[in-house]
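Novice: Build me a model:
(6 chains)
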Number of protein chains: 6
Amino acid sequence: MKQTTIDKFSQERDRLNKIMSNYTSLTTNRFLSLDNQMYREGALPQNTKELLGLVASLVLRCDDCINYHLKNCFDLGYSDAEIEEAMSIGLLVGGSIVIPHLRRAFAVWSEMRGNETETK
Amino acid sequence: MKQTTIDKFSQERDRLNKIMSNYTSLTTNRFLSLDNQMYREGALPQNTKELLGLVASLVLRCDDCINYHLKNCFDLGYSDAEIEEAMSIGLLVGGSIVIPHLRRAFAVWSEMRGNETETK
Amino acid sequence: MKQTTIDKFSQERDRLNKIMSNYTSLTTNRFLSLDNQMYREGALPQNTKELLGLVASLVLRCDDCINYHLKNCFDLGYSDAEIEEAMSIGLLVGGSIVIPHLRRAFAVWSEMRGNETETK
Amino acid sequence: MKQTTIDKFSQERDRLNKIMSNYTSLTTNRFLSLDNQMYREGALPQNTKELLGLVASLVLRCDDCINYHLKNCFDLGYSDAEIEEAMSIGLLVGGSIVIPHLRRAFAVWSEMRGNETETK
Amino acid sequence: MKQTTIDKFSQERDRLNKIMSNYTSLTTNRFLSLDNQMYREGALPQNTKELLGLVASLVLRCDDCINYHLKNCFDLGYSDAEIEEAMSIGLLVGGSIVIPHLRRAFAVWSEMRGNETETK
Amino acid sequence: MKQTTIDKFSQERDRLNKIMSNYTSLTTNRFLSLDNQMYREGALPQNTKELLGLVASLVLRCDDCINYHLKNCFDLGYSDAEIEEAMSIGLLVGGSIVIPHLRRAFAVWSEMRGNETETK
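Specialist: Here you go, the predicted structure:
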């Protein structure tokens, strides 16, 4: 079975996390733990928080972070139109320098939707 | 009557927008128009979009942009807990370099809440 | 025939643009359209505008954006010395963090010049 | 006689440069010297180089750097339309986060043009 | 007695911290607590860690963060030459866009040294 | 014999440096020369300076720059705990957006330690 971009990303992420965990101290571990808990349901619903994580990652132009939140947004059931609208905010706030990341994000999204090869 | 930080910010913003409008061409005007329309109700509710604008502004560390979206979030009725949670995402994604902007953002928020001088 | 770095970049860019175009809304499309028109001849000559795009991409450290403008600068007939001088401005403004992008940019430029393997 | 924004900026810059010069070492001095020489006439004309400095400063969102290059661009005789077009590139590449800097830049430009208070 | 730049900065920082503390939740508080503990003596000596904080703040161009670490570096007994050398690394890594922050940092340093008005 | 990540990185870096050297002018060459000399023993010991370079590269999120300084820190004999502590400062200052670079940095560090495949 063909491995998707997100599968490969998640697998590599797990591999590197294991290596990293051999070295990290209390401070780093506490930060990573805070980072994990942060996106849970709270005063804001979890799906809003994931969307905030996605747009923050987009304007800061980090592909790995975009992939991570895009996958979570997919699992939470966001529609194409909602994701597109959130990413359009990232594009306008962050400018054309964001476009290469936007292209890759839509390719990953399309792949998760099962439409990797579709063209108009 | 005392003028608030946001009042001063909005007034100065209006003054500069008027000066800028004497110079801007079609490209800039179209961008500014897109920027204005972007936060309107769409596939995502307007208040989610304002929150996305706020967190994007926070991680990119732009006080004027933070003030702008914070005012809109206030007008849309966000609670203290919701705003704090959104900003905590900006803090963890963007790191301690965000703290000075976070401090100023809470001072502006507190002032809008009518609690400028409150201390624990 | 051997495919160049820029050929591969352009091909992948086209592939991703097609996928992206299945999702983008009016706001994103308008932004992308503005972005396309922006570098056309206007008050400033087109070649000056491409150079502005190149240096902006360099200081913001986006390889795809650098490749895009470098290719256009090549097609517009810029000399080695002119491109080097523009990129030296990007280097000094952006600092040593720009160096890895500068290295890759010169490799792409050299390849377009037909000198990929040259060494002093 | 009223002191302009640029006058105040230049005066403060000179004052701080003097203090800094009491501390800087060979490395810093060489960097500052390179930075000064970089915008001189070379393979590219001086006015193109100043425009590159302006747009790089705009996308990196540094008001002092913008003021510095804007003043030089003014002295080199750039027209309103040329400056506006260069800055529109900075705006689209850098995104809406650039807008507050753009507003202040046009106010400084307008003041240098002698039109500080003009409105449409 | 005349209040120094750092006195004013610290006072305003305290004032804003008090306001912020009325709003912050567990996540933000834990992050702020981690941030406080991070610069304590550990595997690395405290003064090395403050220098790391200073240079990180310089390349990320945050005046408040620079002031905070510069004050701590002063209190830890760093010499002019050591601070200058650390900041020259920030300058070369971060580029000329760092210069305005460098100027202000040296003015604050000079003031802490008791030499505010010195010129060569 | 298996080539390590750092071997590949250094080899590619050398290859690109040779190409770049066919194009660079006096300004770029002087900058690159300053950059080389900057990390030498001075008012600050060389190993402190390499650590400053590492953390600056981490918060600015440049993998090549991180690899370069990580290799030098390894050669200078830094311990796991010291490197981890320096990188935890980069993580907290730069935020969760730094995590993907941190993961890759620990994988490279682990590989240099001869522990590439270790897991807890």
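
Novice: Write out the residues of chain A neighbouring chain E.
Specialist: With the criterion set to Cβ under 8 Å from any Cβ of the partner chain, chain A comes near chain E through A:25, A:27, A:30-31, A:34, A:37-38, A:43. Where you see a C-beta, it was placed from the backbone N, CA and C, and this is true even at glycine.

Novice: mind listing what the residue nearest the centre of chain A touches?
Specialist: Within chain A, one residue has its C-alpha closest to the average C-alpha position: by Cα atoms, centre = their mean, that is residue A:69, at 2.5 Å. With contacts taken as Cβ atoms under 8 Å, 6 or more residues apart in numbering or on different chains, residue A:69 has the following neighbours: A:50-51, A:53-54, A:57.

Novice: so where does residue A:82 fall, helix or strand?
Specialist: For residue A:82, the enclosing helix or strand under DSSP states H and E is helix A:80-94.

Novice: Tell me the helix or strand right after that helix.
Specialist: helix A:99-112.

Novice: Identify the residues contacting that following helix?
Specialist: By Cβ under 8 Å, 6+ apart, the surrounding residues in contact with helix A:99-112 are A:4-6, A:58, A:61, A:63, A:66-67, A:70-71, A:74, A:80, A:83, A:87, A:90-91, A:116, A:118, C:13, C:16-17, C:19-20, C:22-24, C:28, C:32, C:35, C:62, C:64-65.

Novice: And these, which of them are buried?
Specialist: The neighbour-count criterion (16 or more other Cβ atoms under 10 Å in any protein chain shown) marks A:6, A:58, A:61, A:63, A:66-67, A:70-71, A:74, A:80, A:83, A:87, A:90-91, C:13, C:16, C:19-20, C:23-24, C:28, C:32, C:35, C:62, C:64-65 among those as buried.

Novice: what's in contact with the biggest helix by length in chain A?
Specialist: The helix spanning the most residues in chain A, taking DSSP state H as the definition, is helix A:5-21. Counting contacts by Cβ under 8 Å, 6+ apart, the residues outside helix A:5-21 that touch it are A:3, A:64, A:67-68, A:70-71, A:107-108, A:111-112, F:102-104, F:106-107, F:110, F:116, F:118-120.

Novice: Now residue A:43: closest residue in space, sequence neighbours ignored.
Specialist: residue B:81 (3.7 Å; Cβ to Cβ, 6 or more residues apart in numbering or on different chains).

Novice: count of neighbours near that neighbour?
Specialist: Here the neighbour count serves as a burial measure; for residue B:81 (other Cβ atoms under 10 Å in any protein chain shown) it reads 13.

Novice: Correct me if wrong: it contacts residue B:88.
Specialist: No. Between residue B:81 and residue B:88 there is no contact, the gap being 10.4 Å when judged by Cβ atoms under 8 Å.

Novice: Now the common contact residues for these two.
Specialist: Once Cβ under 8 Å, 6+ apart is applied, the residues that residue B:81 and residue B:88 both contact turn out to be residue E:25.

Novice: could you measure the residue nearest to residue A:43 against residue E:112, distance?
Specialist: Distance, residue B:81 to residue E:112, using Cβ to Cβ, to the nearest Å: 40 Å.

Novice: what do you get for residue A:40?
Specialist: 44 Å.

Novice: cool, and residue A:92?
Specialist: 42 Å.

Novice: the more surrounded of those two?
Specialist: It is residue A:92, of residue A:92 and residue E:112, that has more neighbours when counted by other Cβ under 10 Å, with 27 against 17.

Novice: Contacts only, for that one.
Specialist: Residue A:92 sits next to B:31, B:34-35, B:38, C:27, C:31, D:95-96 when contact means Cβ under 8 Å, 6+ apart.

Novice: Scan those and report the most crowded one.
Specialist: Going through the contacts of residue A:92 with other Cβ under 10 Å as the criterion, the one with the most neighbours is residue D:96, at 29 neighbours.

Novice: In contact with that one, which residues are there?
Specialist: When the contact criterion is Cβ under 8 Å, 6+ apart, the partners of residue D:96 are A:92-93, A:95, B:31, B:35, B:65.

Novice: ok, and the closest non-adjacent residue to whatever residue of chain A ends up closest to chain D?
Specialist: With Cβ to the nearest Cβ as the measure, residue A:95 is the residue of chain A nearest to chain D, at 2.9 Å. The shortest distance from residue A:95 to any residue that is not its chain neighbour, by Cβ to Cβ, 6+ apart, is 2.9 Å, and that residue is residue D:95.

Novice: ok, that neighbour touching residue A:61?
Specialist: No. Proximity of residue D:95 to residue A:61 does not meet the contact threshold set by Cβ under 8 Å, at 10.9 Å.
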